[in-house]
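Student: below are the sequence and a predicted model; questions follow.
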Amino acid sequence: GEDVEQSLFLSVREGDSSVINCTYTDSSSTYLYWYKQEPGAGLQLLTYIFSNMDMKQDQRLTVLLNKKDKHLSLRIADTQTGDSAIYFCAWTWAGSYQLTFGKGTKLSVIP
Amino acid sequence: GAVVSQHPSRVICKSGTSVKIECRSLDFQATTMFWYRQFPKQSLMLMATSNEGSKATYEQGVEKDKFLINHASLTLSTLTVTSAHPEDSSFYICSARDLGVGRGEETQYFGPGTRLLVL
């Protein structure tokens, strides 16, 4: 798989915005995803973006894609304690539907 | 969103026994399902791709005789860990590919995972 850079930890105060970053190396990626994993649970699809888009907003979530820099970010507005989890970026690339995952960022929300 | 279930959610077995884990897509048909393994505090590692009606495709380093995959129908794939050993203890997660027929988009939905502990 391709190398992916994700910060391992992020800590924010409740009510602040959280920004989770992901840098990938595969320029032929087509769909890019953000998944949330709570302790002991499977992955929940939060949102996804097509590679021909720059931004997608879905309620408190905003996804930004910079294809030139191969950088994907997830912004969570008004972060709540229930947002505490591990967040994985992932993508598929042209000609394949297999997901490649980042290492995950553990988000801790301080009340 | 679409729902994928896994059964059992947690299993403890003795070394040398076999364990079967089921993955079901509940409200869509999945011609392709994936099996992942996740070690504590690590990302998901793809083990194999399960295709309905054909043999599974295993990733490099995954023993196909140890991890038997059967995709018997469009809504069910099973992973059997044969002759389990303590090092097989892990969190196993499946996902199902929803082709998004009629929506013009596709994505993968994940099951809740199965925690296997081999004593």
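Tutor: It's in.

Student: same question for the helix or strand of chain A with the lowest mean pLDDT: list its buried residues.
Tutor: Sorted by mean pLDDT, DSSP states H and E, the helices and strands of chain A end with strand A:4-6, the least confident at a mean of 77. Residues of strand A:4-6 classed as buried: A:4, A:6 (neighbour count, 16 or more other C-beta atoms under 10 Å in any protein chain shown). All C-beta spots, glycine's among them, are computed from the backbone N, C-alpha and C.

Student: partners of whichever helix or strand comes after that strand, with directions?
Tutor: Note on strand A:4-6: by DSSP states H and E, the next helix or strand toward the C-terminus is strand A:9-13. Next to strand A:9-13 in the sheet, as set by DSSP bridges, lie strand A:105-110 (parallel).

Student: mean confidence score for the strand it pairs with?
Tutor: Over the span of strand A:105-110, the pLDDT mean works out to 96.

Student: from the contact counts, what lies against the least confident helix or strand of chain A?
Tutor: strand A:18-24, strand A:85-93 (3 or more C-beta pairs under 8 Å, 6 or more residues apart in numbering or on different chains; DSSP states H and E).

Student: partners of it, with directions?
Tutor: strand A:18-24 (antiparallel).

Student: that older thread, of all the helices and strands packed on strand A:4-6, which one is nearest A:S11?
Tutor: strand A:18-24 (9.2 Å; C-beta to C-beta).

Student: in the closest one, what counts as buried?
Tutor: Buried-residue list, strand A:18-24, by 16+ other C-beta under 10 Å: A:18, A:20-24.

Student: list just the nearest of the residues you listed to chain B.
Tutor: A:C22 (11.8 Å; C-beta to the nearest C-beta).

Student: now that closest one: how far from A:W93?
Tutor: Computed as C-beta to C-beta, to the nearest Å, the A:C22 to A:W93 distance reads 15 Å.

Student: same question for B:S73.
Tutor: For B:S73, the distance to A:W93 - C-beta to C-beta - is 29 Å.

Student: what is the subsequent helix or strand relative to the helix or strand of chain B with the lowest mean pLDDT?
Tutor: One helix or strand of chain B scores below all others by mean pLDDT, DSSP H and E: strand B:107-110, with a mean of 83. Moving toward the C-terminus from strand B:107-110, the next helix or strand (DSSP H and E) is strand B:114-118.

Student: can you list the strands that that next one pairs with?
Tutor: Short version: by DSSP bridges, strand B:114-118 pairs with strand B:10-13 (parallel), strand B:90-98 (antiparallel).

Student: neighbouring contacts of that strand?
Tutor: Strand B:114-118 has contacts (C-beta atoms under 8 Å, 6 or more residues apart in numbering or on different chains) with A:40, B:6-15, B:19, B:21, B:81, B:84-93.

Student: just how off-centre is it within its chain?
Tutor: Centroid displacement of strand B:114-118 relative to its chain, using C-alpha atoms, centre = their mean, to the nearest Å, is 13 Å.

Student: circling back to that earlier point, which of the strands paired with strand B:114-118 sits most buried?
Tutor: Highest mean neighbour count among these (mean count of other C-beta atoms under 10 Å in any protein chain shown): strand B:90-98, with a mean of 25.
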